[in-house]
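Enquirer: structure for the following, please:
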Amino acid sequence: MIKRIWNGFTTRENADAYERLLDGFVFPGIEAKRIPGYRSIELLRREVGDEVQFTTVMCFDSLANVVAFQGADYEIAYVPEEARRILKRWDERSTHHEVRQTRIYG
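Expert: Predicted coordinates:
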């Protein structure tokens with residue numbers, strides 16, 4: 001399992017609009033690609049000073065599936081033009097981590 005992690009930052013005033021864009025446009029667009037091995041996406045949000053940070057964590061079966069999503073230079077961030085208009089700044093590259101353990105309690 002591979003986790004693809006990316007961060008974007010926006011103003012407090014634009015944070016809700018950005019979250020709506022993700023929920024209504026960006027995430028459905030990713031799902032519509034029907035990428036083999038794509039399993040899920042998580043959205044994390046936190047206030048940092050005068051900005052709001054959004055972190056996405058995508059889950060893929062393998063690195064080959066990430067390449068199918070983003071291409072040979074798979075670390076390049078996927079930031080549609082609509083998102084670029086709302087974001088203040090963002091990671092130009094995503095990081096990729098191999099899941100070694102998952103423990104679920106309760």
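Enquirer: mind listing the helices for the protein?
Expert: The residue ranges that make up the helices of the chain, judged by DSSP state H, are 12-21, 27-32, 63-70, 81-86.
Enquirer: now, of the ones you listed, which is deepest in the fold?
Expert: Among these, the stretch with the highest mean neighbour count (mean count of other CB atoms under 10 Å) is helix 63-70, at a mean of 16. Yep, even glycine has a C-beta here, placed from its N, CA and C like the rest.
Enquirer: show me what it packs onto, helices and strands only.
Expert: For helix 63-70, the elements it packs on are strand 2-11, strand 51-60, judged by 3 or more CB pairs under 8 Å, 6 or more residues apart in numbering; DSSP states H and E.
Enquirer: redo that, cut-off 7 Å
Expert: Here helix 63-70 touches strand 2-11, going by 3 or more CB pairs under 7 Å, 6 or more residues apart in numbering; DSSP states H and E.
Enquirer: for the strand it packs on, packing partners?
Expert: Packing contacts for strand 2-11, counted by 3+ CB pairs under 7 Å, 6+ apart, involve strand 51-60, helix 63-70, strand 89-90, strand 95-98.
Enquirer: which residues are contacting it?
Expert: Under the contact criterion CB atoms under 7 Å, 6 or more residues apart in numbering, strand 2-11 has outside partners 18, 51-60, 62-63, 66, 77, 86-91, 94-99.
Enquirer: same check, this time on stretch 20-38
Expert: Applying CB under 7 Å, 6+ apart, the contact partners of stretch 20-38 are 41, 43, 60-62, 65, 68-69, 80, 82-83, 86.
Enquirer: now the residues you listed in TSV, with distance to Ile35 and pLDDT?
Expert: What follows is the contacts of stretch 20-38, written out as TSV (distance: CB to CB, whole Å; pLDDT from 0 to 100):
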residue	distance to Ile35	pLDDT
Ile41	11	97
Leu43	18	98
Phe60	8	97
Asp61	10	98
Ser62	11	97
Asn65	6	97
Ala68	5	94
Phe69	5	94
Pro80	16	93
Glu82	20	94
Ala83	19	95
Ile86	24	96
